[in-house]
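Trainee: Got a predicted structure plus its sequence, pasted below:
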Number of protein chains: 2
Amino acid sequence: MTTRRHILTFAGGVGGGKLARGLAAVLPSDDLTIVVNTADDFAHLGLHMSPDVDSVLYALADRNDPERGWGLAGETWNFMAALERLGGETWFRLGDNDLATHVLRTQVLAQGHSLSGATAMIAQRLGVAHRVVPMSDDPVRCMLATDEGTLPFQDYFVRRRCEPWFRGARFEGAEVARPSAGFDDALARATAIIIAPSNPYVSIDPILALPGLRERLRRAEIPIVAVSPIVGGNAVKGPLAKMMREQSVEPSPLAIARYYSGLVNGWIVDEADRALAGAIEALSCRVRVCGTLMSSLNDKARVAREALELAGALAVAPAG
Amino acid sequence: MTTRRHILTFAGGVGGGKLARGLAAVLPSDDLTIVVNTADDFAHLGLHMSPDVDSVLYALADRNDPERGWGLAGETWNFMAALERLGGETWFRLGDNDLATHVLRTQVLAQGHSLSGATAMIAQRLGVAHRVVPMSDDPVRCMLATDEGTLPFQDYFVRRRCEPWFRGARFEGAEVARPSAGFDDALARATAIIIAPSNPYVSIDPILALPGLRERLRRAEIPIVAVSPIVGGNAVKGPLAKMMREQSVEPSPLAIARYYSGLVNGWIVDEADRALAGAIEALSCRVRVCGTLMSSLNDKARVAREALELAGALAVAPAG
């Protein structure tokens, strides 16, 4: 009997969306589940916002705006301008098209459906064939300790533009949150896990913080491959490098590999970081070096293939 | 001691907005309170919609769309198109700009403010100086008996385009609703009441259905002037004439005067209906005949002046 391959991906927003798009290009929909961080979900203007879920869905639907890095391509901002004229809150920018997603999700949740159900409905209507599931249907909220006190994630990230000094994150509600049914199912079937090049502190840690999850990953004895979110000392996008420095950690794939030590056993690192491969391998990991920037669909599919091949190699002959 | 003049107007949507705009053009803001029907308020897409309040506010702010007859001028529809692509409900059309009003109102209500408070905030931000108050902060819902069963107002009016046969209206919640504080205050100070050319069955009756209101109007012994919503056998706008016929009533200002008999003692009727003036006066009313179509701001101010003059004449020498 051969086990049918099932790839489980942990994803945050933009980096998660890019790798998810690459994996979706090379894997049939039955072979992939993308679990998305929901710790940056928040209530705004009475709407339930799931920014990472939307980033992944829009990327998979080829509807994301690659220049802006978030939201939908071809977006318009008439609602936002009208809300500004009315003196409403405009620090979190909502496009007219994007708003339809938030209104529909909020309505579906108010009707008693789960976040998983709302996500599945929106995915289907966006024409996304691959399975995208929130990490949990229970509320988990990323709270950041900063030199300005504790800030909810979006306050830090959007309103304060990542300017406060980062001292650590905690995930309110994580201790009692359960993995969503889709996550649970994919965990049971997974033959490999691929961690997208998302921010470990605020995008991947919330997923790993779900009760029993690290233990379950350990017991599964499957390859866990991560794509480095740091390239040549900088984050491809977002505040990760700044956050690392504020924690007195020099930003590098090696530092990230140390952070995930004991969890990840395969690393995709960029050619710019080839010199670190040996040091990362010394952490009982196998390393593949390749170009990891994912601009075109070809790039995304290539990085996805590298990660899958590394996972395949680890399944045959584990690292360390 | 002279009592300071205070004009209280009862208004529905479009006709209410037109007369309110005229009154606002000729009266200082301290002398006018516009009480608006809220029985066609409803929850839609998780938002609290107050269509008549918005029609009046947009008219007073000179932001209404005169061609379409509802909503804002220069409106765009990108949200609606996106929601349609996502398979959401699109029978009630929401413009990108209009949506900002609904989102802000819903947010303010969710924060614990009253509908009066939300209305005052939106009015202020739209630059509306005259006082616009909802008839009640308590929920009242207009339910229509039709040949298709009982329909909530917006289902009849928008979704079913007024096609079902109208058999009568009832106002759920009216029996326990209290007039809003602004309405109550204006009632105490009013030296005259002007009923806008709005639909009696579904726009004015909900206001009159508030407990004790008719008795209070009677005891106030002030002129009550109405502008006929029927001109030459037809409603200026909306389904009123059709609804009258379905009740076996021939649409005419006389039929409306009979409907309001014992309440209204002054009538503004259109020149097209001059022949009915005598019959209406026989109902113990005084009648003024003038052009009542309100297209331009001049028209609106002129009709407002006619109504105010009639109210002034009735205060000196009551009709009947």
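Mentor: Nice, thanks for sending it over.
Trainee: Can you give the strand pairings for the helix or strand of chain A with the lowest mean pLDDT, parallel or anti for each?
Mentor: Counting by mean pLDDT, DSSP states H and E, the weakest-scoring helix or strand in chain A turns out to be strand A:234-235, with a mean of 84. With DSSP bridges as the test, strand A:234-235 is paired with strand A:230-231 (antiparallel).
Trainee: Just the pLDDT at A:Thr2, thanks.
Mentor: pLDDT recorded at A:Thr2 is 61.
Trainee: next structured bit after the least confident helix or strand of chain A?
Mentor: Using DSSP states H and E, the helix or strand that follows strand A:234-235 towards the C-terminus is helix A:240-246.
Trainee: packing partners for that following helix?
Mentor: The helices and strands touching helix A:240-246, judged by 3 or more C-beta pairs under 8 Å, 6 or more residues apart in numbering or on different chains; DSSP states H and E, are strand A:166-172, strand A:230-231, strand A:234-235. For every residue, glycine as well, the C-beta is placed using N, CA and C.
Trainee: Could I have the CA atoms of stretch A:13-25 written out in PDB?
Mentor: Extracted in PDB, the C-alpha atoms of stretch A:13-25 (Å, rounded to 0.1, in the frame of the first residue of the first chain):
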ATOM      1  CA  GLY A  13      -0.200  36.700   4.000                       C
ATOM      2  CA  VAL A  14       1.900  37.800   1.100                       C
ATOM      3  CA  GLY A  15       4.700  35.200   1.200                       C
ATOM      4  CA  GLY A  16       2.100  32.600   2.000                       C
ATOM      5  CA  GLY A  17       0.100  33.600  -1.000                       C
ATOM      6  CA  LYS A  18       3.100  33.400  -3.300                       C
ATOM      7  CA  LEU A  19       4.200  30.000  -2.300                       C
ATOM      8  CA  ALA A  20       0.600  28.800  -2.200                       C
ATOM      9  CA  ARG A  21       0.200  30.000  -5.800                       C
ATOM     10  CA  GLY A  22       3.300  28.100  -6.800                       C
ATOM     11  CA  LEU A  23       2.200  24.900  -5.100                       C
ATOM     12  CA  ALA A  24      -1.300  25.200  -6.600                       C
ATOM     13  CA  ALA A  25       0.400  25.400 -10.000                       C
END
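Trainee: And for A:Arg4, the neighbour number?
Mentor: 9 (other C-beta atoms under 10 Å in any protein chain shown).
Trainee: So it lies in a strand, does it not?
Mentor: No. Under the criterion used here (DSSP: H, G, I helix; E, B strand; the rest coil), A:Arg4 is coil, not part of a strand.
Trainee: and it, what does it touch?
Mentor: Residues in contact with A:Arg4 (C-beta atoms under 8 Å, 6 or more residues apart in numbering or on different chains) are A:Asp31, A:Arg189, A:Thr191.
Trainee: mind listing which of these are in helices?
Mentor: Among the contacts of A:Arg4, the residues falling in helices (DSSP state H) are A:Arg189.
Trainee: A:Val132 in helix, strand or coil?
Mentor: A:Val132 - assigned by three-state DSSP - is strand.
Trainee: Same check on the one 10 residues further on?
Mentor: Per three-state DSSP, the local secondary structure of A:Cys142 is strand.
Trainee: from memory it sits against A:Phe171, does it?
Mentor: Yes. Contact criterion C-beta atoms under 8 Å: A:Cys142 and A:Phe171 qualify, at 5.7 Å.
Trainee: out of the helices and strands packed on helix A:240-246, which comes closest to B:Val264?
Mentor: Across the helices and strands packed on helix A:240-246, B:Val264 has its closest neighbour in strand A:166-172 (59.8 Å, C-beta to C-beta).
Trainee: which strands and helices sit next to the closest one?
Mentor: Right, strand A:166-172 is packed against strand A:141-146, helix A:205-208, helix A:240-246 by 3+ C-beta pairs under 8 Å, 6+ apart.
Trainee: Output the second one in CSV with nothing but the alpha carbons.
Mentor: The one in question is helix A:205-208. The C-alpha coordinates for helix A:205-208 follow below in CSV (Å, rounded to 0.1, in the frame of the first residue of the first chain):
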residue,chain,number,x,y,z
ASP,A,205,3.9,30.9,15.4
PRO,A,206,0.1,31.4,15.8
ILE,A,207,-0.4,28.2,13.9
LEU,A,208,2.2,26.4,15.9
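Trainee: Which strands and helices lie in contact with that helix?
Mentor: strand A:166-172.
Trainee: Can you mark which positions in the strand it packs on are buried?
Mentor: A:Phe166, A:Ala169, A:Arg170, A:Phe171 (16 or more other C-beta atoms under 10 Å in any protein chain shown).
Trainee: hmm, who's touching the top helix by length along chain A?
Mentor: As assigned by DSSP H, the longest helix anywhere in chain A is helix A:297-316. For helix A:297-316, the surrounding residues in contact (C-beta under 8 Å, 6+ apart) are A:7, A:18-19, A:21-23, A:25-27, A:191-194, A:222-223, A:225, A:227, A:265-268, A:286, A:288, A:290-294.
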